[in-house]
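>>> Give the three-dimensional model of this entry:
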Amino acid sequence: MSNEIQKKTKADLRSFISGDKVKDQITKALPSICTPDRFLRVAMTSITKVPKLLECDQTSFISALLDCAQLGIEPDGRRAHLLPYVNRKKNITECQLIIDYKGLIELVMRSGKISTLHADKICDNDVFEFNAGKVDKHIIDFKKPRGKAYAYYAKAEMKDGSSKAEVMTLDEINGIKARSKAGDFGPWKTDFDEMAKKTVFKRLSKWLPMNAEDAQVIQSVDEKEFDFEMPIKEPSFKSADDINVEG
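Numbering: from 1, shown residues only. Got it, this is the predicted structure:
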């Protein structure tokens, strides 16, 4: 791509995003918890942080923005990520929406029925007891190495006193990773623990109270996730060692 064409493409995308047509679509998609102006400012900030997004196909970029808007989650690089990927079949760069587990947590917590959420890895030297869908005990001795992780779990405590938990073995997590077209690069390579916890939390979230429309969009995004050859730039999702949210 020549410098002149490249500059025009970048300028066109910025102008397109800032235009009234896109703002109108975003306004219709957004729930009342977020304003269109703020949402689009965050989207433009994403472009500043990841300049390669300017090379993305406009249709894919707007599609990712609208999916994000429908969920009412800003693409701030913490709850949701807009990332450029090479689609070698079409020979173009497309924008991919990645919903982080923090974004999933926000959706679940909106129901007002969850008191706490927690996720972690289970290592050889941990004391862990799981019985009938409930985590009875997880004790970590921080005075010594935890050893290798052999499983991951996520649990939720409801405000009515009930609870729900999911556990996935390392083999099960690796099975999900192997089926991902981005299993050998991107966050699966740079932040395996975070992707593993996201995977088990996504399984748990199917059992938790969530708006039906949100659940449908999440399913749609999941089906498209990583459906490309390779990322332009390997993302690094840095976050806390575990999920621990109280509501």
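
>>> element containing Ala119?
When elements are defined using DSSP states H and E, Ala119 is found to belong to strand 114-123.

>>> now for that strand, which elements pack on it?
The criterion is 3 or more C-beta pairs under 8 Å, 6 or more residues apart in numbering; DSSP states H and E, and the helices and strands that strand 114-123 contacts are helix 101-109, strand 149-158, helix 192-205, strand 243-246. For the C-beta atoms, the positions are set from N, CA and C on the backbone; glycine is no exception.

>>> helices or strands up against the third one?
Where contact means 3+ C-beta pairs under 8 Å, 6+ apart, helix 192-205 is packed against helix 101-109, strand 114-123, strand 149-158, strand 163-169, helix 170-179, helix 187-190.

>>> Show me which positions of that helix end up buried.
193-202, 204-205 (16 or more other C-beta atoms under 10 Å).

>>> how about these in JSON lines, adding distance to Asp76?
Formatted as JSON lines, the buried residues of helix 192-205 follow (distance: C-beta to C-beta, whole Å):
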{"residue": "Asp193", "distance to Asp76": "21"}
{"residue": "Glu194", "distance to Asp76": "16"}
{"residue": "Met195", "distance to Asp76": "19"}
{"residue": "Ala196", "distance to Asp76": "23"}
{"residue": "Lys197", "distance to Asp76": "19"}
{"residue": "Lys198", "distance to Asp76": "17"}
{"residue": "Thr199", "distance to Asp76": "22"}
{"residue": "Val200", "distance to Asp76": "24"}
{"residue": "Phe201", "distance to Asp76": "19"}
{"residue": "Lys202", "distance to Asp76": "20"}
{"residue": "Leu204", "distance to Asp76": "23"}
{"residue": "Ser205", "distance to Asp76": "20"}
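
>>> Tell me where the model's unsure across this structure.
Scanning the chain with the threshold set as pLDDT under 70 gives 1-11, 13-14, 16-19, 31-34, 181-186, 214, 217-247.

>>> Now do the SS call for the closest residue to His81 other than its chain neighbours.
On the basis of C-beta to C-beta, 6 or more residues apart in numbering, the spatially nearest residue to His81 that is not a chain neighbour turns out to be Ile98, at 4.2 Å. For Ile98, the assignment made with DSSP: H, G, I helix; E, B strand; the rest coil gives strand.

>>> Can you report how many residues neighbour Ile98?
As a burial measure, Ile98 scores 23 neighbours (other C-beta atoms under 10 Å).

>>> So Asp141, which state does it fall into?
The three-state label for Asp141, taken from three-state DSSP, comes out as coil.

>>> tell me the contacts of the nearest residue to it once chain neighbours are set aside?
Distance criterion C-beta to C-beta, 6+ apart; nearest residue to Asp141, sequence neighbours excluded, is Asn125 at 6.7 Å. With contact taken as C-beta atoms under 8 Å, 6 or more residues apart in numbering, Asn125 is in contact with 141, 144-147.
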